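**Student:** next comes the sequence, and after it the predicted model I'd like to discuss.
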Amino acid sequence: MSNPLSALGFLTVLEDAENGFFGGYLVLSEWGRPLEFLCSTPVLPNQAQKILYGSTLRSYVLGDLIGQTLLAKSQLPVLAVLTDLPDMLSLAYLREEILACIELDMKSELEVDKQSGASIQIGPHRLTGGADCQWPVESLTPQLQALSSHIDLLEPFDRIREAIREAQRLTESPTDVVDEISDAA
């Protein structure tokens, strides 16, 4: 594995009732500028998978299928991968990258919770890893603080979702658009 850039990865999923799950992975520079973007094809679990995987289906689809595929295709090493979906944390068992779930939390101290793994507080954002998480807090915290001085750490997930929606819009069949126009006339 190459040495990581001063970059962070952002990984999330857009869920669509009709088409399933669409994943997106955005790598940002320390200034919040995009370096790489990948998105997945839709993943729609069938009824047999829903039955067999039960309550573990969502973490399997998000982590094992979508997250694993997107990170494997990425060309850029990163300091850490952030997600806004706790179900994505199962990916930490499959990949070497540091993986953290980010959420708004107004506490202001660094904590280590023995049950849920390590936690880092960056401004109003709390990053939490899985139970086996061992972060290099001394090197990760300054990078997160640098990025958070340029952008809100939750904002990249909105970019990803909008990019997925745009990709979906662009892949719609031109015939469908023509039919809609002619029906309106």
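**Tutor:** Noted; the coordinates are in hand. Numbering: from 1, shown residues only.

**Student:** what is the helix or strand harbouring Glu166 packed up against?
**Tutor:** Using DSSP states H and E, Glu166 falls within helix 155-171. Counting contacts by 3 or more C-beta pairs under 8 Å, 6 or more residues apart in numbering; DSSP states H and E, helix 155-171 packs against strand 7-16, strand 20-29, strand 34-39. Backbone N, C-alpha and C define where each C-beta goes, glycine included.

**Student:** what about it, average pLDDT?
**Tutor:** For helix 155-171, the mean pLDDT works out to 91.

**Student:** ok, back up a step: nearest to Pro86, out of the helices and strands packed on helix 155-171?
**Tutor:** strand 7-16 (11.7 Å; C-beta to C-beta).

**Student:** strands of the chain, start to end?
**Tutor:** Listed in chain order, the strands of the chain (DSSP state E) span 7-16, 20-29, 34-39, 80-83, 99-104, 111-113, 117-122, 125-128.

**Student:** looking at the ones you listed, which has the lowest confidence?
**Tutor:** When I compare the strands of the chain, strand 111-113 is least confident, with a mean of 42.
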